[in-house]
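Asker: Take a look and give me a structure for this.
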Amino acid sequence: MSTIRTQFGPVTNFSITLNGLATSAARSSAKVENQDTRYVDAICQFKIKPASGSLGDRYGVYVFAWGATDDASPIYPAGVTGVDEAVSVTLETLAIREIGSLYVPASGILISPPFSVAQAFGNVLPPVWGVLAVNRCGLALDATDNVAFWRGVQFEVV
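Answerer: Numbers count the residues shown, from 1 in each chain. Modelled structure (predicted):
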């Protein structure tokens with residue numbers, strides 16, 4: 001009798017420049033292509049270090065997921081273009097799905113809990129996807145020590 005179990009891919013850093021991200025600014029990751037790996041989900045985490053100073057009233061870094069169904073000619077939402085770049089925060093940006101947030105109560109290095117990316121897409125990753133981080137903690141992120149990484153989830157039959 002066969003058993004189906006979860007299998008995890010390698011830990012991979014997002015191509016996203018979080019170091020120095022200003023407060024009230026947003027940054028999109030470069031696209032992650034999923035058509036070959038065919039992950040059904042990706043678990044992501046963020047390591048955030050705010051710069052020294054007084055925190056704002058929102059105290060958080062918010063993470064959204066974006067995706068495209070056509071991997072040959074992707075059409076991206078909310079001003080995203082599929083590369084690591086700054087994105088203007090608009091109402092359209094906030095219409096894409098939030099997958100998690102990291103409460104920032106104080107300075108120092110903070111680690112987010114793992115976030116499921118597939119939840120933003122009805123629990124299946126699209127052929128092309130990425131994340132968008134919005135800094136609302138009231139401080140810029142430090143010039144070092146900010147990183148985002150992910151790990152694909154598949155099922156295997158044993």
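Asker: Tell me, how many residues neighbour Gly100?
Answerer: Using other Cβ atoms under 10 Å, Gly100 has 21 other residues around it. All C-beta atoms are positioned from the backbone trio N, CA, C, and that covers glycine.
Asker: Identify the residues contacting it.
Answerer: Gly100 makes contact with 62-63, 112-113, 115, according to Cβ atoms under 8 Å, 6 or more residues apart in numbering.
Asker: go again using 10 Å as the cut-off
Answerer: 44-46, 60-65, 112-117, 119, 131 (Cβ atoms under 10 Å, 6 or more residues apart in numbering).
Asker: same question, Phe121
Answerer: Going by Cβ under 10 Å, 6+ apart, Phe121 touches 41, 65-67, 69, 97, 99, 129.
Asker: Can you pick out the most distant pair from the residues you listed?
Answerer: The span of these, defined through Cβ to Cβ, is set by Thr69 and Ile99 at 18.1 Å.
Asker: These two: which is more packed in?
Answerer: Ile99 (20 against 10).
Asker: And stretch 148-158, what's buried?
Answerer: Buried residues in stretch 148-158, defined by neighbour count with 16 or more other Cβ atoms under 10 Å: 148, 150-153.
Asker: Kindly report the same for stretch 28-47.
Answerer: Buried residues in stretch 28-47 (16+ other Cβ under 10 Å): 28-29, 31-32, 34, 39, 41-46.
Asker: Let me know the distance separating the residue lying closest to Ala95 once chain neighbours are set aside from Gln154.
Answerer: Closest residue to Ala95 apart from its sequence neighbours, by Cβ to Cβ, 6 or more residues apart in numbering: Ala78 at 6.9 Å. Per Cβ to Cβ, to the nearest Å, Ala78 is found 28 Å from Gln154.
Asker: in the chain, which spans are strands?
Answerer: 4-13, 26-28, 32-33, 41-48, 60-68, 85-87, 97-103, 110-111, 115-116, 128-136, 147-157 (DSSP state E).
Asker: Dump the ones you listed into CSV; add mean pLDDT and distance to Pro74 as well.
Answerer: As requested, the strands of the chain are exported to CSV (pLDDT from 0 to 100; distance: least, Cβ to Cβ, whole Å):
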stretch, mean pLDDT, distance to Pro74
strand 4-13, 95, 19
strand 26-28, 96, 13
strand 32-33, 96, 10
strand 41-48, 97, 17
strand 60-68, 94, 4
strand 85-87, 96, 15
strand 97-103, 94, 17
strand 110-111, 94, 31
strand 115-116, 97, 22
strand 128-136, 95, 5
strand 147-157, 95, 18
